[in-house]
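Visitor: what follows is a predicted structure for the sequence shown.
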Amino acid sequence: MSNMIPAGLYRIANVAYPNRYISMLEDHFVGYNEGEIIQVEIIDNDAGLVALFDTVTASYIGVDLKKNKVVGYPSRQVLQLSVDESQNIVIHPKDVNSRVWVLNNDGDGTPITVEPAPASNKKYWTFERAE
């Protein structure tokens, strides 16, 4: 992946709803007005492989493909970041480009789902430095 973000601490916001950051609610991640601090660990820079660790809940962020939700796990999960020609970042399960993280509306507590990429910018995410 070109222009890989460096390892570090970030708040991750949705591009369509820039005031909605990823935050854990019960057992899954949602869009919320206050973002949790996420530690990005680089696994393979060239392939865009990362692990995302929620420093507030002490859980790794991953995907439950059966429930189509972004959820917390006790062990490291491998995710993939892909960048389009406009430098927009899409987050998806490793080697599963057909299903991406999507935030479908601007309401606090809206679940982040995993679904086929929509034509809108609801599928794009920004990584804002928290350090």
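Guide: Received, thanks. Numbering: from 1, shown residues only.
Visitor: quickly note the distance from residue 56 to residue 103.
Guide: Relative to residue 103, residue 56 is positioned 19 Å away (Cβ to Cβ, to the nearest Å). (Glycine included, C-beta is placed from N, CA and C.)
Visitor: typo on my end, residue 57
Guide: Applying Cβ to Cβ to residue 57 and residue 103 gives a distance of 19 Å.
Visitor: likewise for residue 60?
Guide: Distance from residue 60 to residue 103, by Cβ to Cβ: 20 Å.
Visitor: residue 81: what's it in contact with?
Guide: Contacts for residue 81 (Cβ atoms under 8 Å, 6 or more residues apart in numbering) come out as 1, 4, 5, 48, 50, 89, 90, 91.
Visitor: which one of the residues you listed sits closest to residue 75?
Guide: residue 50 (14.9 Å; Cβ to Cβ).
Visitor: so between residue 57 and residue 103, which is more surrounded?
Guide: Here residue 57 and residue 103 are compared on neighbour count by other Cβ atoms under 10 Å; more neighbours surround residue 103, at 27 against 14.
Visitor: wait, isn't the more buried one in contact with residue 112?
Guide: Yes. Counting by Cβ atoms under 8 Å, residue 103 does reach residue 112; the two are 5.6 Å apart.
Visitor: give me the common contacts of the two.
Guide: residue 31.
Visitor: can you tell me the SS state at the residue of the chain positioned farthest from its centre?
Guide: Ranked by distance from the centre of the chain (Cα atoms, centre = their mean), the top residue is residue 85, with 18.9 Å. Using DSSP: H, G, I helix; E, B strand; the rest coil, the secondary structure recorded for residue 85 is coil.
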